[in-house]
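[1] Would you be able to build a 3D model of this:
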Amino acid sequence: MGFVVWGAVLVVALYVAAVVVMTKLQRRYQYFPGGERRSPEQAGVPELRPVFASTGDGLELEGWYAPAADPNNLTVVYFHGNAGNVSVRGPHMRALLDAGLGVFLTGYRGFAGNPGSPSEEGFYLDARAALNFVAADGVAPNKTVLFGESMGTGVAVQMGIERDVAAVILNAPFTSMPDVAAIRYWMFPVRRTMWDRYDSLSKIADINAPLLVMHGTADQTIPVEMSRTLLAAASEPKVGLFIENADHDIFAGRCAPEILAFLAEHAPD
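    The predicted structure is shown next:
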């Protein structure tokens, strides 16, 4: 019996140690800055230019920006996911730029050479800096569209309850980050230990702008059911776009006609 007891103690000790390590290193498993850094020209969007936005905690973050072709057109402020950088998203803005919309690709702290370290509160500061930048360039709230991708949807939802905007677009959103982590790391108590929670389900009803939720039905990263749950909890007007057999990386370019149609109906120039 002694060996059994000591074996059980060892297993418990190893599990507790694993929980402690995972908790301390959790942001390494949540954020993946990296990817090739390209210029706007190399990314096929020469209209975009590198600009710097100042955050409330004193960082200068590089993003990419192209003003709208006409001051009366909308400007999309884009919040990308937890991996890569703005240059990876540049090509997916092609259709929006061709339609005459302005685009601001938000650069996050700790990504693509930017100073700082990623965190939920840090990303909110970065998003506010991006919105302040376009506002200072003359983009009115009723000409501003928030567009979040994957983890960036959590940022877009938070900005959507803080700011008056023309519309909010969520591409592959989730109910909360602990809900997503609990699927992959089911063996750990992630619902209690996660620091950066991006709890969109508790916030989404407070968005007053028209809402478009997009999701691929075959998404293996974030279950499409999370988008359906968010959409049900959201206030009107709201539109769901569910793309059959599409995985996680549907991006803006693939759904450009539907996005532009949504904006034309719900956030006309």
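[2] C-alpha only now, for contacts and for neighbours.
    OK.
[3] who does the host helix or strand of residue 215 pair up with?
    Per DSSP states H and E, residue 215 falls inside strand 211-216. According to DSSP bridges, strand 211-216 has the following sheet partners: strand 167-171 (parallel), strand 238-243 (parallel).
[4] Which residues are in contact with residue 53?
    60-63, 129-130, 133 (Cα atoms under 8 Å, 6 or more residues apart in numbering).
[5] go again using 10 Å as the cut-off
    59-64, 106-107, 126-134 (Cα atoms under 10 Å, 6 or more residues apart in numbering).
[6] Residues contacting the helix or strand harbouring residue 13, please?
    Here residue 13 sits within helix 2-24, counting by DSSP H and E. Contacts to helix 2-24, defined as Cα under 10 Å, 6+ apart, come from residues 1, 25-26, 28-29, 187-190, 192-195.
[7] thought residue 202 was touching residue 233?
    Yes. Contact criterion Cα atoms under 10 Å: residue 202 and residue 233 qualify, at 8.8 Å.
[8] Just the ones of the contacts of helix 2-24 in helices?
    Counting by DSSP state H, those place 26, 28-29, 190, 192-193 in helices.
[9] Closest to residue 116 out of the residues you listed?
    Set against residue 116, the nearest of the ones in helices among the contacts of helix 2-24 by Cα to Cα is residue 28 (14.1 Å).
[10] are any of the ones in helices among the contacts of helix 2-24 buried, and which?
    Buried positions within those, assessed by neighbour count (16 or more other Cα atoms under 10 Å), are 26, 190, 193.
[11] ok, those vs residue 245, which is closest?
    Here the nearest of these to residue 245, counting by Cα to Cα, is residue 190; it sits at 29.3 Å.
[12] Following element in sequence after the helix or strand of the chain with the lowest mean pLDDT, please.
    Taking mean pLDDT, DSSP states H and E as the measure, helix 251-254 is the helix or strand of the chain with the lowest mean score, a mean of 70. Where DSSP H and E defines the elements, the next helix or strand beyond helix 251-254 is helix 256-266.
[13] Which residues does that following helix contact?
    74, 92-96, 99, 101, 145, 166-169, 209-212, 214, 237-239, 241, 252-253, 267-269.
[14] Pull out the buried members of the residues you listed.
    Buried by 16+ other Cα under 10 Å: 74, 92-96, 101, 145, 166-169, 209-212, 214, 238-239, 241, 252, 267, out of those.
[15] Help me confirm that residue 157 comes into contact with residue 173.
    Yes. Counting by Cα under 10 Å, residue 157 touches residue 173, with 9.5 Å between them.
[16] Of the two, give the one with the bigger neighbour count.
    Each of residue 157 and residue 173 has its neighbours counted (other Cα atoms under 10 Å); residue 173 has more, 31 against 26.
[17] Nearest the geometric middle of this protein, what residue?
    Closest to where the C-alpha atoms of the chain average out (Cα atoms, centre = their mean) is residue 152, at 0.7 Å.
[18] Contact partners for it?
    Residue 152 makes contacts with 78-82, 106, 123, 127, 158, 170-173, 198, as judged by Cα under 10 Å, 6+ apart.
[19] Export the helix or strand hosting it to PDB, keeping only CA atoms.
    Taking DSSP H and E as the criterion, residue 152 maps to helix 151-162. Extracted C-alpha coordinates of helix 151-162, given in PDB (Å, rounded to 0.1, in the frame of the first residue of the first chain):
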ATOM      1  CA  MET A 151      -8.400  36.800 -30.500                       C
ATOM      2  CA  GLY A 152      -8.800  40.300 -31.900                       C
ATOM      3  CA  THR A 153     -12.600  39.900 -31.700                       C
ATOM      4  CA  GLY A 154     -12.200  40.200 -27.900                       C
ATOM      5  CA  VAL A 155     -10.400  43.500 -28.500                       C
ATOM      6  CA  ALA A 156     -13.100  44.700 -30.900                       C
ATOM      7  CA  VAL A 157     -15.900  43.800 -28.500                       C
ATOM      8  CA  GLN A 158     -14.300  45.800 -25.700                       C
ATOM      9  CA  MET A 159     -13.800  48.800 -28.000                       C
ATOM     10  CA  GLY A 160     -17.400  48.300 -29.200                       C
ATOM     11  CA  ILE A 161     -18.800  48.900 -25.700                       C
ATOM     12  CA  GLU A 162     -16.400  51.800 -25.000                       C
END
